[in-house]
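Undergrad: just need the structure, nothing else, for what follows:
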Amino acid sequence: MNPTGRFQKRTLFLIAYLVFAILPIYWMVNMSFKTNNEILSSFTFWPQDFTWDNYRTIFTDPSWYSGYINSLIYVAINTVISITVALPAAYAFSRYRFLGDKHVFFWLLTNRMTPPAVFLLPFFQLYTTLGLMDTHIAVALAHLVFNVPLAVWILEGFMSGVPREIDETAYIDGYSFPRFFLTIFLPLIKAGVGVAAFFCFMFSWVELLLARTLTSVNAKPIVATMTRTVSASGMDWGVLAAAGVLTIVPGAIVIWFVRHYIAKGFAMGRV
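TA: Here you go, the predicted model:
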């Protein structure tokens, strides 16, 4: 087969894939700069009546911008707690062998594979009893059920790639475990920490069922706000599109900072 022809086919396939992947994002950005009348009355590839009103509504209406603030708060809390809990657990699984270690590790992963709806009723009743409903910590703790197992699994793979001789050498040199872990071991697995933090962030950022059910007003996230845009005049498509664009921004920023770590995670088979 002609190498030039093969290259052209690959190029065409790549272009088609990029168009298919980027088109929905472009169309959402396109809609965010249109009025509702233009969105519903015509089919255009760019705004005919360009407007910033949709973004102005989000940045000036507390019911909208508070959703982003609430989401960032509980996502940050969840990511920090998940990584803090997962680091010692992953170290134990990677360095020690104990009775039932494989079964416990598998049990952790089964929690990650369980649909969030399974835990919805227990969390709702528990938080209602403890007075944690409609708080940021409620959603952050609920997401730990899914993020901690994922973080343990990712970090265990990175830690297993670090030779055990490093641990033994540090102990011989008089390092205490906390000092060894923070100054020597943690920098060696910073790629794994970045990958784990990224996936914890993304799950908590986009998860809807638990976040919507466990909050109502004070801690209502943006994903819940976006599902309540229907008014007496109908769906506010322009504002909804603008909110969708702004929802993509935090994830894109996180991906930009950890893109090299994610590539390493793919290479190690942990992503």
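
Undergrad: where does pLDDT dip in this protein?
TA: Applying pLDDT under 70 to the chain flags the ranges 1-7, 228-234, 261, 263-271.

Undergrad: any idea which residue sits dead centre in it?
TA: By Cα atoms, centre = their mean, the mean C-alpha position of the chain lies nearest to M202, the distance being 0.5 Å.

Undergrad: surely that one and V254 touch.
TA: Yes. If you go by Cβ atoms under 8 Å, M202 and V254 touch, sitting 7.4 Å apart. In short, each C-beta sits where N, CA and C put it, glycine included.

Undergrad: okay, and the common contacts of those two?
TA: Residues touching both M202 and V254 by Cβ atoms under 8 Å, 6 or more residues apart in numbering: none at all.

Undergrad: that older thread, helix/strand/coil for the residue nearest to the centre of the chain?
TA: Assigned with DSSP: H, G, I helix; E, B strand; the rest coil, M202 falls in the helix class.

Undergrad: list the contacts for it?
TA: Neighbouring residues of M202 by Cβ under 8 Å, 6+ apart: 251, 254.

Undergrad: against H143, how distant is it?
TA: 11 Å (Cβ to Cβ, to the nearest Å).

Undergrad: and the lengthiest helix in the chain, what other elements does it pack with?
TA: Assignment by DSSP state H gives helix 62-95 as the longest helix of the chain. Identification of packing neighbours for helix 62-95 by 3 or more Cβ pairs under 8 Å, 6 or more residues apart in numbering; DSSP states H and E yields helix 53-60, helix 136-160, helix 190-206, helix 222-225, helix 237-267.

Undergrad: number of nearby residues for the closest residue to S94 other than its chain neighbours?
TA: Spatial nearest neighbour of S94, excluding adjacent residues (Cβ to Cβ, 6 or more residues apart in numbering): M159 at 3.9 Å. Close neighbours of M159, defined as other Cβ atoms under 10 Å, add up to 19.

Undergrad: contacting residues around M159?
TA: For M159, the contact set (Cβ under 8 Å, 6+ apart) comprises 90-91, 94-95, 185, 189, 192.

Undergrad: JSON lines for the residues you listed, including distance to A224?
TA: Output for those, formatted as JSON lines (distance: Cβ to Cβ, whole Å):
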{"residue": "A90", "distance to A224": "32"}
{"residue": "Y91", "distance to A224": "36"}
{"residue": "S94", "distance to A224": "38"}
{"residue": "R95", "distance to A224": "41"}
{"residue": "F185", "distance to A224": "39"}
{"residue": "I189", "distance to A224": "35"}
{"residue": "G192", "distance to A224": "32"}
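
Undergrad: which of those residues are buried? Put it as a PyMOL command.
TA: Typed into PyMOL, the line below selects the buried ones among those, using 16 or more other Cβ atoms under 10 Å:
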select buried, resi 90+91+94+185+189+192
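
Undergrad: what's the closest of the contacts of M159 to F45?
TA: G192 (42.6 Å; Cβ to Cβ).

Undergrad: I'd guessed A170 sits against I184; true?
TA: Yes. Between A170 and I184 there is a contact under Cβ under 8 Å: 5.6 Å.
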